[in-house]
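Engineer: just coords:
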Ligand code: TA6
């Protein structure tokens, strides 16, 4: 996709009322959209439709972005909410294909922006694989449309709809690979996955069962299977609730110090202040979408508001 012009984006999509939504050029020559309304501020990169920041009013950022993150076209960003799509992790047969798919390293198209009556601000992105360049078409030839709606308010709502535009069944793996900002990993508990089966990537994907809530004192890299459940991160200072629909797996990742040091872009003590809790369909939970059908993965994040933010 060609680089969109910032002036054109602002002419067609900016909002300047009691809500603000504006485009600007970000680091690495990658356009960003900045949003502010009565509830929150947010920053989203057009590469990967990648949420980099969501700050509900009166709160700290809920999303962690590495101090050493680099911004360059075609390179994934360490932090924020990368979209892993249309596969999660390593490609099942081609090791040279990019890890976590290609959605996070291509520009998405802005289709619509809306100032909602309730004061929230919405932006709709699209990624049409039939419009990708030849290199990417060579690794993903099946016509597939991703539509991603981000609603910024007191809660952050993300809806990723995948439509199979081809005449063959589509196999989809995916994750919203969210890096949550936490005060201290050693004080943090993750609840909602007790008793669930998981694949432990640090032990060659051995299948294990979660005993009790999750506390992290070392590298953790796990795919919890058949987990449609909501989860809560409690870092003592605040609780972040993750509600979801259309997601059967939950990935939990913290690289801990040694792996983080080797990664080079996680920041000096970055691993202490991030925890990835990813709403996914991965491993045994990948999904099949029939021709002309679609699937929606929906998540809603809230800093503890004590009421559901997704309707039952
Ligand atoms: O979601 C967990 C994981 O798959 C880990 O295994 C870890 O490697 C991480 O994602 C980061 O992947 P990335 O490709 O962004 O370096």
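Structural biologist: Alright, I've got the coordinates. All figures in this text were calculated on a predicted structure; none of them were measured in a lab. Numbering: from 1, shown residues only.
Engineer: The chain against the ligand: which residues are in contact?
Structural biologist: 76, 89, 99-100, 177, 201, 221, 251, 253, 276, 278 (CB under 6 Å from any ligand atom). No exception for glycine: its C-beta is placed from N, CA and C like everyone else's.
Engineer: again, only this time at 5 Å
Structural biologist: Taking CB under 5 Å from any ligand atom as the contact definition, the chain meets the ligand at 99, 221, 251, 253.
Engineer: Thought residue 82 was touching the first one, still the case?
Structural biologist: No: counting by CB atoms under 8 Å, residue 99 does not reach residue 82; the two are 10.6 Å apart.
Engineer: What is the burial count for residue 257?
Structural biologist: Other residues near residue 257 come to 15 when the count uses other CB atoms under 10 Å.
Engineer: all strands of the stretch 1-150 of the chain, in order?
Structural biologist: Shown for the stretch 1-150 of the chain, the strands assigned by DSSP state E, counting those that start in this stretch span residues 15-16, 20-26, 30-36, 40-45, 50-56, 83-84, 109-115, 121-128, 144-152.
Engineer: okay, the angle between the next helix or strand after the longest one and strand 50-56?
Structural biologist: Meaning strand 144-152. Of the helices and strands lying after strand 144-152 in sequence (DSSP states H and E), the nearest is strand 156-164. An angle of 150 degrees separates the directions of strand 156-164 and strand 50-56 when computed by axes from the mean of the first three to the mean of the last three CA atoms, to 10 degrees.
Engineer: Within the sheet, what are the partner strands of strand 156-164, with directions?
Structural biologist: Based on DSSP bridges, the pairing partners of strand 156-164 within the sheet are strand 144-152 (antiparallel), strand 294-303 (antiparallel).
Engineer: show me what contacts residue 122?
Structural biologist: 112-114, 116, 149-152 (CB atoms under 8 Å, 6 or more residues apart in numbering).
Engineer: Correction: the previous question concerned residue 48.
Structural biologist: By CB under 8 Å, 6+ apart, the contact list for residue 48 reads 76-77, 82-83, 103-106, 108.
Engineer: about what we covered before: ok, so of the contacts of residue 122, who is nearest the ligand?
Structural biologist: Comparing these against the ligand with CB to the nearest ligand atom picks out residue 150 as the nearest, at 20.1 Å.
Engineer: Excluding chain neighbours, what is closest to the closest one?
Structural biologist: Taking CB to CB, 6 or more residues apart in numbering, and ignoring the residues beside it in sequence, residue 150 has residue 123 as its nearest neighbour in space, at 5.2 Å.
Engineer: I figured that neighbour hits residue 35, correct?
Structural biologist: Yes: counting by CB under 8 Å, residue 123 sits close enough to residue 35 to count as a contact (7.4 Å).
Engineer: looking at this structure, which helix or strand does the model trust least?
Structural biologist: Among the helices and strands of the chain, helix 134-139 carries the lowest confidence by mean pLDDT, DSSP states H and E, at a mean of 93.
Engineer: For stretch 55-72, which residues meet the burial criterion?
Structural biologist: For stretch 55-72, the neighbour count (16 or more other CB atoms under 10 Å) marks 55-56, 61-66, 69, 71 as buried.
Engineer: could I get the residues you listed as TSV with pLDDT?
Structural biologist: Below are these laid out as TSV (pLDDT from 0 to 100):
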residue	pLDDT
55	98
56	97
61	98
62	98
63	98
64	98
65	98
66	98
69	97
71	97
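Engineer: which pair in these spans the largest distance?
Structural biologist: Looking at those by CB to CB, the two members farthest from one another are 56 and 71, with 24.4 Å of separation.
Engineer: Counting neighbours, what do you get for the residue nearest to residue 15 when sequence neighbours are not counted?
Structural biologist: For residue 15, ignoring the flanking residues on the chain, the nearest one in space by CB to CB, 6+ apart is residue 21 at 4.1 Å. Residue 21 has 24 neighbouring residues, counting by other CB under 10 Å.
Engineer: Please verify my assumption that residue 21 contacts residue 113.
Structural biologist: Yes: using CB under 8 Å as the test, residue 21 is close enough to residue 113 to be in contact (5.4 Å).
Engineer: Pull up the overlap in contacts between these two.
Structural biologist: Going by CB under 8 Å, 6+ apart, residues that sit against residue 21 and also against residue 113 are 13-15, 121, 123.
Engineer: quick check, nearest of these to the ligand?
Structural biologist: Here the nearest of the shared contacts of residue 21 and residue 113 to the ligand, counting by CB to the nearest ligand atom, is residue 123; it sits at 23.4 Å.
Engineer: quick revisit: drop anything exposed from the residues of the chain next to the ligand.
Structural biologist: Applying 16+ other CB under 10 Å to these, the neighbour count classes 221, 251, 253 as buried.
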